[in-house]
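1. structure here, sequence nowhere to be found:
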């Protein structure tokens with residue numbers, strides 16, 4: 001099943017906003033009803049594919065069947081851009097200037113290599129396409145002319161499972177739920193559950209350094225990767241042959257986070273763990289974001305660390321965004337902040353960690369709210385993107401951004417980003433509601449995830465571009481990283497260049513020249529001026 005082209009996920013899962021919420025948006029933010037429905041695909045002015053006859057013939061030969069080189073309008077529209085709010089607003093408005101000339105469907109590593117050789121010979125840029133969930137411009141390259149999308153959906157197998165070593169080798173087109181189902185047949189789990197889990201793919205997890213909601217217990221995806229295979233126009237790069245090695249720099253880390261700029265990931269070997277026998281999620285209340293942050297830091301540094309650990313600030317708690325499915329229900333939200341702690345594993349281990357963690361949380365000013373808030377969060381953990389679409393349908397603008405820093409810098413970073421977003425959007429005549437939560441914790445720091453809601457205004461993409469730029473500047477000035485788990489894409493690229501520094505960028509350019517001398521791999525994504 002394909003994702004909704006004009007929004008997120010399965011259309012059957014989408015629900016409209018309650019009237020109370022629409023009224024609140026109108027009264028609080030000045031949101032006006034949307035005047036027009038999204039342009040239907042059949043009404044879009046999609047030009048004929050600009051793919052040359054020679055390139056088309058070569059691609060069909062590389063893939064073995066013309067059915068795997070698709071140039072129809074609907075397929076191309078469904079592979080246009082990603083799922084950021086600006087992406088959706090453009091496509092909903094009928095702007096398909098970023099549509100690929102063709103969508104290619106390889107079945108394995110050798111076919112990917114063949115396609116890359118054709119693209120290099122014809123100077124045809126290529127964008128790897130997994131679940132299409134990028135929110136940072138990762139699927140809209142700065143190509144000077146036609147480009148093709150390489151849809152990896154046919155590469156969706158579990159290639160190998162080693163129960164002794166607890167490793168599994170997965171193809172890149174596996175979506176999160178299918179990967180979990182295949183592993184569960186053998187009694188294992190990957191434990192990677194980002195908000196995009198239902199639609200994102202294994203290859204995308206690796207290419208963008210994804211981080212799941214249970215990262216406190218299972219780790220980030222890049223920490224799970226033991227080896228991977230990369231197809232490039234210059235051949236195959238195999239990385240990783242042991243769980244740890246001192247044999248030079250770790251080439252896995254060169255591929256992880258490369259976002260298709262160096263090659264196409266065709267297989268990933270990951271660590272796996274037994275399916276947990278029990279899972280318990282619970283809520284905690286803290287009088288302030290500062291006190292809640294201290295509690296999370298204590299657990300992250302000194303333990304015991306829950307499997308899931310997150311904290312909503314006062315605004316997000318009041319609005320109820322920690323539980324998207326309950327928004328508009330009329331249920332009162334308590335003052336202060338709400339945290340969610342989750343524990344997975346054996347019943348004995350879960351009980352022990354939960355009791356010890358509760359003592360720390362109480363000591364830091366926390367009050368237990370029981371399991372009901374935790375169950376609500378777990379049930380609605382993938383609902384926020386659907387809520388964003390409902391807000392767009394109602395005429396509001398809604399978008400997210402994230403960053404990370406060391407614990408000592410969290411307060412300043414939190415204030416700087418919030419103020420940058422508020423000041424810029426208020427100055428544009430669309431005063432926002434800015435919410436935040438700590439989404440991932442580490443011994444030395446944490447990730448901050450911001451959600452912004454405002455009226456759309458006359459030019460919502462332009463308004464957001466200015467606000468996002470201001471937030472990016474604030475992130476770098478406050479010592480944060482430009483992205484914790486969304487990736488770089490084109491949206492963050494210029495700030496990533498500053499974060500990495502001139503020498504670092506020159507080193508990456510040298511790698512790209514060796515692996516992709518024709519510069520056809522996702523041009524303009526990650527690195528400028530490809």
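-> Nice, I can see it. Because the structure is a prediction, the values reported are computed rather than measured.
2. C-alpha from now on. contacts and neighbour counts both.
-> Will do.
3. so who does the closest residue in space to residue 473 that isn't next to it in sequence touch?
-> Nearest residue to residue 473 in three dimensions, chain neighbours excluded: residue 495, at 7.9 Å (CA to CA, 6 or more residues apart in numbering). Under the criterion of CA atoms under 8 Å, 6 or more residues apart in numbering, the neighbours of residue 495 are 472-473, 476, 482.
4. repeat that for residue 135.
-> 82-85, 87, 486.
5. just name the shakiest helix or strand of the chain by mean pLDDT.
-> helix 19-29 (a mean of 89; mean pLDDT, DSSP states H and E).
6. if you count neighbours, what's buried in that one?
-> Neighbour counts over helix 19-29 (16 or more other CA atoms under 10 Å) mark 21-22, 25-26, 29 as buried.
7. now do that helix: distance to the chain's middle.
-> Chain-centre distance of helix 19-29: 28 Å, with CA atoms, centre = their mean, to the nearest Å.
8. what's the following helix or strand after it?
-> helix 53-63 (DSSP states H and E).
9. contacts for that next one?
-> Under CA under 8 Å, 6+ apart, the answer for helix 53-63 is 66, 68-69, 105-107, 111, 114-115, 118-119, 122.
10. okay, buried residues for it please.
-> 55-56, 58-63.
11. same check, this time on stretch 434-454
-> 434-443, 445-454.
12. out of these, which are inside strands?
-> 434-441, 445-454 (DSSP state E).
13. got the contact list for the closest residue to residue 512 other than its chain neighbours?
-> Ranked by CA to CA, 6+ apart and with sequence neighbours excluded, the top spatial neighbour of residue 512 is residue 262, at 5.6 Å. Residue 262 sits next to 232, 255, 511-512, 515-516, 521 when contact means CA under 8 Å, 6+ apart.
14. phi and psi next, for residue 262.
-> Phi and psi for residue 262, reported as degrees, to the nearest 10, are phi -110, psi -20.
15. same deal with the one 5 residues further on?
-> In terms of degrees, to the nearest 10, the main-chain angles of residue 267 are phi -160, psi 150.
16. how far away is it from residue 131?
-> 16 Å (CA to CA, to the nearest Å).
17. and if you look at residue 228?
-> 19 Å.
18. repeat that for residue 373.
-> From residue 373 to residue 131 the distance is 30 Å (CA to CA).
19. so which of these two has more stuff around it?
-> Using other CA atoms under 10 Å as the criterion, residue 373 and residue 131 rank with residue 131 on top: 27 against 20.
20. how about that one: what's its closest non-neighbour residue?
-> Using CA to CA, 6+ apart, the closest residue to residue 131 is residue 200 (4.4 Å).
21. hmm, residue 152 and that neighbour touching each other?
-> No: at 11.5 Å, residue 200 and residue 152 do not qualify as touching, with contact defined as CA atoms under 8 Å.
22. and the two? Which one has more around it.
-> Set residue 200 next to residue 152 and count neighbours by other CA under 10 Å: residue 152 wins out with 26 against 23.
23. show the contacting residues for the residue nearest to residue 201 when sequence neighbours are not counted.
-> Nearest non-adjacent residue to residue 201, counting by CA to CA, 6+ apart: residue 175, 4.1 Å away. The neighbourhood of residue 175, defined by CA under 8 Å, 6+ apart, consists of 131, 156, 197-202.
24. now with 7 Å, please.
-> By CA atoms under 7 Å, 6 or more residues apart in numbering, the residues touching residue 175 are 198-202.
25. in helices only, show me these.
-> Those of those mapping onto helices are residue 202, per DSSP state H.
26. out of the contacts of residue 175, who's the most crowded?
-> residue 201 (28 neighbours).
27. need the pLDDT of that one.
-> On the pLDDT scale, residue 201 is placed at 98.
28. thinking it is in contact with residue 172, fair?
-> Yes: at 6.4 Å, residue 201 and residue 172 qualify as touching, with contact defined as CA atoms under 7 Å.
29. follow-up on the earlier one: for the residue nearest to residue 473, helix, strand, or coil?
-> helix (DSSP: H, G, I helix; E, B strand; the rest coil).
30. let me know the pLDDT of it.
-> 98.
31. please apply the same query to residue 34.
-> pLDDT, residue 34: 80.
32. same deal with the one 4 residues further on?
-> At residue 38, the predicted lDDT confidence score is 85.
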